[in-house]
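Undergrad: Take this sequence and fold it.
(one chain, ligands or ions: 1)
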Amino acid sequence: MKLNYNIVLIGFMGTGKSTISAYLSEQFGMEAIDMDQVISEREGMPISRIFEIHGEEYFRNAETNLLKELQTKKNVVISCGGGTPLREENVVEMKKNGKVVLLTAKPETIFNRVKDNHDRPLIENNKSVEFIEELMLKRKDKYIAAADVIIETDNKDKQQICHELIDALK
Ligand code: S3P
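TA: Below you'll find the predicted structure:
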């Protein structure tokens, strides 16, 4: 089966954007584009180092530029960084590009998924369920406003999540 639209995955860190993107790419023969990965490769350093050397604003500009560049792509699934939909301009670009899917998870689930990773500068020094919950709350309205559909990921495997996602987009 082929989809006749692009999918743009958004959501907080650790909601499974990259995993789901890879799986959708496999299932539907779409090209998977991981924005963090592209930016990191182009800059020749991990995200944490980009934040350290150039600052967050620089990274955010790189996200906006990349989203615009991706406009021309067809048959792609794009996994955004957790902060990409916070800029209104980025949401406009995403919506031009495809259907926007918000993946969600409880703070406890997120904590368990991110606790052993050290390339998420915004939470690296504050890795706790409370901090994650607080940041998630601050972002919630923007995430919801950007989304065409919302999929909860707690206690679900990737097959189940993708099935729900495709169903919701029909
Ligand atoms: C960020 C999320 C990260 C990465 C950067 C900032 C955020 O992406 O883009 O560390 O602001 O939530 P993931 O959601 O893939 O971890």
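Undergrad: Grab the longest helix from this protein for me.
TA: Taking DSSP state H as the criterion, the chain has its longest helix at helix 129-146.
Undergrad: Show me what that helix is packed against.
TA: helix 88-97, strand 99-104, helix 107-114 (3 or more C-beta pairs under 8 Å, 6 or more residues apart in numbering; DSSP states H and E). C-beta coordinates here come from the backbone N, C-alpha and C atoms, glycine included.
Undergrad: CA atoms only: put the shortest one into CSV for me.
TA: Output for strand 99-104, consisting of C-alpha atoms alone and laid out as CSV, is shown next (Å, rounded to 0.1, in the frame of the first residue of the first chain):
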residue,chain,number,x,y,z
LYS,A,99,-0.6,15.6,7.6
VAL,A,100,0.7,16.5,11.1
VAL,A,101,0.5,13.7,13.7
LEU,A,102,1.1,14.4,17.3
LEU,A,103,2.4,11.5,19.4
THR,A,104,1.9,11.8,23.1
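Undergrad: Next, the angle from the helix or strand of the chain with the lowest mean pLDDT to strand 99-104.
TA: Lowest mean confidence among the helices and strands of the chain (mean pLDDT, DSSP states H and E): helix 88-97, at a mean of 94. Per axes from the mean of the first three to the mean of the last three C-alpha atoms, to 10 degrees, the angle that helix 88-97 makes with strand 99-104 is 120 degrees.
Undergrad: what's the closest non-adjacent residue to residue 150?
TA: residue 102 (4.6 Å; C-beta to C-beta, 6 or more residues apart in numbering).
Undergrad: Look up which residues are beta-bridged to that neighbour.
TA: For residue 102, the beta-bridge partners are residue 10, residue 150 (DSSP bridges).
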